[in-house]
Structures are given as structure tokens and as C-alpha cells.
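Novice: need a structure here:
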Amino acid sequence: MYLEKRIKGKTTKYYLVHSYRDKNNKVIKIRRYLGSNLKKTELEKLKQRAKSIINEQIKNIKTDIFDFSLSPREIESINKYDNKLKIQHLNKEEWNQFTEDFVYNTNAIEGSTILKNEVHNILNKTKFLNSEEIETKGVANAIKFIKNTKQDISINLLKKIHKLCFNGSKQFAGKIRNVEVVIKNAKGKIIHQGTPVKELEKELNEFIKWYQKNKKKFKPLILTAIMHNQFEDIHPFQDGNGRVGRLLLNFILIKNKYPPINILLEDRTEYYKILQLYSKENKIKPTLTYLIKQYKKTLKQAATKITKK
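Specialist: Residues are numbered from 1 along each chain as shown. Model (predicted):
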């Protein structure tokens, strides 16, 4: 922090200023006005008060940015969201049902025209008619992989998941992109731009490094929310980031002995909204609330469908 003076005529105005760089490398300044024509003792007293106020602002900002430089007390507070979950594990039949539901919803969110009642038959085929059928089987293979693998998160793991999903349907399956990507809404307006290619390798390495450093600090629900949202913010693949991101979300839950979560097509609008709140306003708490709701729906639907059979 530093003292800034603005002199105009016989008036000297004093400000206490703190500057930092956000996740987009943009310089942000927090400026607190102290007063004008202040005596030295008065200035010092006001500086200390302003410093406390700015430090509180900094703390609140850091709660919502990806570095998550939180105090133990702050981590304890955000981890309380995890207490809203009732852990309920899936049996073999429920896992099969979850796989079909997840495959349908995650592909439909991205525009697949495969119908819900077609998924079961496609998953039991050995020959596929088109890229949508290939990706239906591919996502199911990826679910089986994240459920059984002993690997931890790495760039190679992300590429493996992507390749399982899109091998045979996309030429760039399993490859980190070398082109710029943007996301547009229905009106053609750009609502998000992935990390620039020249910064992509560095950003992905920092992403993995942050995970390794912080995976013990956060409970599984909070960890998966942070990692999923930041993955989508980076957008490391030319296409298929949504599906890989939702598989990454479940990889972290499963690895921590939590049941998986299905993001439903019917809740797609709210899903996009929470991603935007993270990307534009650095807010993670809406994602936690959303995932808790989806988690409860997932378990309820799985149990209901098994009962009806």
C-alpha cells in the first residue's frame, strides 16, 4: 500500500492505495480517500484506519479468485457447504443407471440429438452410425475410466478423458488446442474467451499445481466446484470442454469416495449462469449451491428409476 497525494492549488488530497493484478493480468486499484490538508498525526491515524478497511476488502476478494489464498478460518467457513450433503453410495445397478443418465444429459447439453431412450441400446452396440453415437459410447467409456483409475489429476489425465470421449469423432481428440476459442450465446455475442494459446501451457500447469497444493485443504464438494469452474474458464480443448469438465467434476468426487453428480439438461440455463458468475465476477458460492441441488436430484432419480424396474 502507498500514500497518494493530489495537489490542486492550495489543497492537498490524500489517498491510501493498494494495487494488484487480477486473473486476467489487469491491474486493479483499491483507493481510499483520507482527507485534505491533513496534519501529520491526523494523516497517520487515518492511514491506519483505511489500511484495516482495505485489508478486509482484499480478504473478501481473495475468497472469490482462483488462487484461493484463504486463512484457515475462511477455509473452514466455505467447507461447511459440504455438510449439506448426505453421502449415499450407488450400487452396481444404480451406477449403470447413472451412466446412462449422465451420458444423455452431458451430450444433450452440448447439442446432441440422441434421445434419452436410445442411449441404452447405443451403449450395447459395437458399430456406430455417426459421431453422436460414437460420443455416446465414448462418454460412457470415460465414466468407467474415472471410476476405476488410480491416477491423480494431471494434464495427461485430462487428455486421456478427452480422447476417450471423442476418439473416432474428432481429429483433435486428446490434444490440447493450438487455436483460440470463444463461446457465443444464441445471439452470437461472445460471452467467454478461453485462455490465449500462448498462455495455455502455463495456465494448465498452474491449474495442476494449485490442485496438488490445495486438495487437502478443501472438502470434496468445494474442491470439485473450484476445479470444474476453473477448467471451464481455461477451456483447454478446441471442443468438448463442457463434457470433460463435468467428468473432471465427478473424478474428484469419486476419488474422494463421494457419489457422482449429474448436471441435468433441464437445468442447463442455471448451469451456464453459475459458470458466468465465476468467470465474470469470480463467485464460487453459487456453484456450491447449484451442485448440492443437482446432487440431491441425481440420487433421487437414480433411486426412483431402479424402484420402477
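
Novice: tell me the pLDDT at the closest residue to residue 251 other than its chain neighbours?
Specialist: The spatial neighbour of residue 251 that comes closest, neighbours along the chain excluded (C-beta to C-beta, 6 or more residues apart in numbering), is residue 146 at 4.2 Å. Glycine gets a C-beta too; all of them are placed from N, C-alpha and C. Listed pLDDT for residue 146 reads 97.

Novice: what about residue 146, which helix or strand?
Specialist: Using DSSP states H and E, residue 146 falls within helix 131-148.

Novice: who touches that helix?
Specialist: With contact meaning C-beta atoms under 8 Å, 6 or more residues apart in numbering, helix 131-148 is reached by 95, 99-100, 102-103, 106-107, 112-114, 119, 122-123, 125, 128, 160-161, 164-170, 243, 247, 250-251, 254.

Novice: Which SSE is immediately downstream of that helix?
Specialist: Note on helix 131-148: by DSSP H and E, the next helix or strand toward the C-terminus is helix 155-166.

Novice: in the helix holding residue 146, what's buried?
Specialist: 132-143, 145-146 (16 or more other C-beta atoms under 10 Å).

Novice: what does the model give residue 240 for pLDDT?
Specialist: We note a pLDDT of 96 for residue 240 in this prediction.

Novice: cool, residue 211 as well?
Specialist: Predicted confidence (pLDDT) for residue 211: 93.

Novice: ok, it - contacts?
Specialist: Counted by C-beta under 8 Å, 6+ apart, residue 211 has contacts 153, 223, 227.

Novice: where's the last one relative to residue 282, distance?
Specialist: It refers to residue 227. 15 Å (C-beta to C-beta, to the nearest Å).

Novice: Over to the second one?
Specialist: When distances are taken as C-beta to C-beta, residue 223 and residue 282 turn out to be 17 Å apart.

Novice: Tell me which of those two has more neighbours.
Specialist: residue 223 (22 against 17; other C-beta atoms under 10 Å).

Novice: thought the more buried one was touching residue 215?
Specialist: Yes - assessed by C-beta atoms under 8 Å, residue 223 is found in contact with residue 215 at 6.1 Å.

Novice: if we can go back for a sec, quick one: which of the contacts of residue 211 is nearest residue 180?
Specialist: Distance to residue 180 across those (C-beta to C-beta) is lowest for residue 227, with 23.1 Å.

Novice: Let me see the contact set for that closest one.
Specialist: The contact partners of residue 227, by C-beta under 8 Å, 6+ apart, come to 153, 207, 211, 248, 249, 252.

Novice: count of residues packed around residue 238?
Specialist: Other residues near residue 238 number 20, with proximity taken as other C-beta under 10 Å.

Novice: follow-up on the earlier one: going through the contacts of helix 131-148, which ones are buried?
Specialist: 95, 99-100, 102-103, 106-107, 112, 114, 119, 122-123, 128, 160-161, 164-166, 169-170, 243, 247, 250-251, 254.

Novice: Restricted to helices, list those.
Specialist: 95, 99-100, 102-103, 106-107, 119, 122-123, 160-161, 164-166, 243, 247, 250-251, 254 (DSSP state H).

Novice: ok, which stretches of the protein are helices?
Specialist: In the chain, the helices defined using DSSP H lie at 40-64, 72-79, 92-109, 119-123, 131-148, 155-166, 197-214, 220-234, 241-255, 268-281, 285-308.
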